[in-house]
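Trainee: Dropping a prediction and its sequence here:
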Amino acid sequence: MSATHPGINRIDGKKTAAALRERIAGHVARLKADHGLTPGLAVVIVGEDPASQVYVRNKVKQTGEAGMNSLHFALPADTPEADLLAKIAELNADETVHGILVQLPLPGHIDANKVIDTIDPAKDVDGFHVVNAGRLATGTGGLIPCTPRGCLMLLKQTVGDLSGKRAIIVGRSNIVGKPMAQLLLGENATVTIAHSRTADLADEVARADIVVAAVGRAHLIKGDWIKPGATVIDVGMNRVDAPEKGPGKTRLVGDVDYEAAAAHAGAITPVPGGVGPMTIACLLANTLVAACRQAGLEDPRL
Ligand SMILES: Nc1nc(=O)c2c([nH]1)NC[C@@H]1CN(c3ccc(C(=O)N[C@@H](CCC(=O)O)C(=O)O)cc3)C=[N+]21
């Protein structure tokens with residue numbers, strides 16, 4: 001099967017993300033032509049995080065390519081919390097800004113929850129504000145976190161109807177694990193959330209038709225745990241040493257041992273090229289949705 005046809009069951013997140021961005025660009029062009037409206041995304045970064053430079057560069061480039069305005073605020077690492085909150089208040093009041101993203105993690109002296117809850121929920125394109133978390137949990141609209149939203153798109157495209165499927169999410173973060181569980185429940189999947197205290201992770205994973213790995217531990221999920229034919233979505237992005245590439249070099253790996261898991265899985269996302277590009281495309285989608293709602297227009301059909 002996949003052992004003799006490597007790559008045949010690989011889910012191409014890069015391609016799906018490019019297609020989504022194309023649809024978004026079409027909606028943005030129409031918004032401009034029909035309503036004179038250009039969606040605007042403001043990104044605020046506090047301090048320097050070299051690991052996120054690729055992310056930031058991709059975000060800025062793709063926002064522009066989709067026809068949106070991109071505002072970028074780089075604040076020094078020692079910015080007082082009050083100054084950051086004031087910046088957010090200013091962006092909340094700015095009518096040309098429809099989406100606000102404050103890049104995480106924040107320096108230790110800043111309370112991330114306080115920062116997130118200062119963002120106007122209507123502009124919270126990360127979907128991290130308690131109002132948006134509550135809206136998702138109650139199935140009453142709101143903005144949906146980008147990574148889970150991207151994972152769900154890949155799952156639906158791969159599996160089709162998720163109703164009755166056994167899904168396991170490994171990881172219980174507010175950013176991925178919990179919202180992913182809510183989205184899958186909304187699709188009528190039977191959902192398990194596993195975490196660091198789960199008694200027998202291998203056994204739990206082996207029962208699942210759908211595995212979403214979001215723990216941030218390189219290759220924690222072993223290939224032979226995967227039920228034959230299961231769909232595997234790997235959210236992990238772990239930088240590990242890659243001496244084979246040269247001294248001091250690193251490479252990106254997921255939470256799943258890809259090569260081994262691909263021999264069992266019906267379909268599996270690679271890292272990179274899987275969930276990552278979908279996260280950025282969904283950030284653009286959320287910015288478009290936020291702009292439409294703020295203008296009193298219907299949600300775009302993406
Ligand atoms: N408020 C907030 N929201 C975020 O969504 C957020 C954040 N803070 N802080 C940083 C992390 C990181 N993140 C990435 C998303 C996509 C890629 C991505 O597109 N990766 C590519 C290429 C990666 C590479 O080659 O280095 C891939 O996986 O194929 C990477 C990283 C979003 N984050």
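Mentor: Good, I have the coordinates.
Trainee: May I have the phi/psi pair for Asp234?
Mentor: phi -110, psi 110 (degrees, to the nearest 10).
Trainee: For the closest residue to Gln182 other than its chain neighbours, give its distance to Glu244.
Mentor: Leaving out its chain neighbours, the residue that sits closest to Gln182 by C-beta to C-beta, 6 or more residues apart in numbering is Leu136, at 4.8 Å. From N, CA and C alone the C-beta is placed, and that goes for glycine too. Relative to Glu244, Leu136 is positioned 42 Å away (C-beta to C-beta, to the nearest Å).
Trainee: Who has more neighbours out of the two?
Mentor: Taking other C-beta atoms under 10 Å, Leu136 and Glu244 do not tie; Leu136 has more neighbours (23 against 7).
Trainee: and Thr138, what does it touch?
Mentor: Residues in contact with Thr138 (C-beta atoms under 8 Å, 6 or more residues apart in numbering): none are found.
Trainee: 10 Å - rerun?
Mentor: Neighbouring residues of Thr138 by C-beta atoms under 10 Å, 6 or more residues apart in numbering: Gln182.
Trainee: gap between it and the ligand?
Mentor: In this view, Thr138 and the ligand are 23 Å apart by C-beta to the nearest ligand atom, to the nearest Å.
Trainee: what does Gly274 give?
Mentor: Distance, Gly274 to the ligand, using C-beta to the nearest ligand atom: 6 Å.
Trainee: That residue is in contact with Val235, isn't it?
Mentor: Yes. The criterion here is C-beta atoms under 10 Å, and Gly274 meets it with Val235 at 8.4 Å.
Trainee: Touching both of the two, which residues are there?
Mentor: Among the neighbours of Gly274, those also in contact with Val235 (C-beta under 10 Å, 6+ apart) are 150-151, 254, 256.
Trainee: any idea which of the residues you listed is the one closest to Ile210?
Mentor: When these are compared for distance to Ile210 (C-beta to C-beta), Cys151 wins out at 9.7 Å.
Trainee: and the helix or strand where that closest one lies with the ligand, contact?
Mentor: Using DSSP states H and E, Cys151 sits in helix 146-159. Yes. Legend: contact between helix 146-159 and the ligand by C-beta under 6 Å from any ligand atom is shown at Cys146.
Trainee: In this structure Ala260 contacts Gly254, no?
Mentor: No. With contact defined as C-beta under 10 Å, Ala260 and Gly254 do not form a contacting pair (11.9 Å).
Trainee: Please list the residues of this structure that sit near the ligand.
Mentor: Residues of the chain lying near the ligand (C-beta under 6 Å from any ligand atom): 52, 54-55, 58, 101-104, 126, 146, 252, 271-273, 276-277, 279-280.
Trainee: Quick check on those residues: which are buried?
Mentor: Buried members of these, counted by 16 or more other C-beta atoms under 10 Å: 55, 101-103, 126, 146, 252, 271-273, 276-277, 279-280.
Trainee: Show me what Ala267 is bridged to.
Mentor: Beta bridges link Ala267 to Thr231, judged by DSSP bridges.
Trainee: so it makes contact with Asp209?
Mentor: No. Judged on C-beta under 10 Å, Ala267 makes no contact with Asp209 at a distance of 11.2 Å.
Trainee: Need the overlap of contacts for these two.
Mentor: By C-beta under 10 Å, 6+ apart, the residues touching both Ala267 and Asp209 are 159, 229-231.
Trainee: Can I get the buried part of those residues as one ChimeraX selection?
Mentor: Entered in ChimeraX, the line below selects the buried ones among those, by 16+ other C-beta under 10 Å:
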select :159,230,231
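Trainee: Quick check: of the shared contacts of Ala267 and Asp209, which lies closest to the ligand?
Mentor: Nearest to the ligand out of those is Thr231 (C-beta to the nearest ligand atom; 18.1 Å).
Trainee: Now for that closest one: which residues touch it?
Mentor: Neighbours of Thr231 in contact, by C-beta under 10 Å, 6+ apart: 9, 11, 154-155, 158-159, 162, 165, 167, 208-212, 265-269.
Trainee: do you know how far it is from Ile280?
Mentor: On the measure of C-beta to C-beta, Thr231 and Ile280 end up 22 Å apart.
Trainee: same deal with Thr190?
Mentor: 30 Å.
Trainee: Please, where are all the strands along this structure?
Mentor: Secondary structure of the chain (DSSP state E): strands at 40-46, 69-75, 99-102, 166-170, 190-194, 210-213, 231-234, 238-241, 250-253, 267-268.
Trainee: which stretch among these comes nearest Asn113?
Mentor: Distance to Asn113, taken as C-beta to C-beta, is lowest for strand 99-102 among the strands of the chain, at 11.4 Å.
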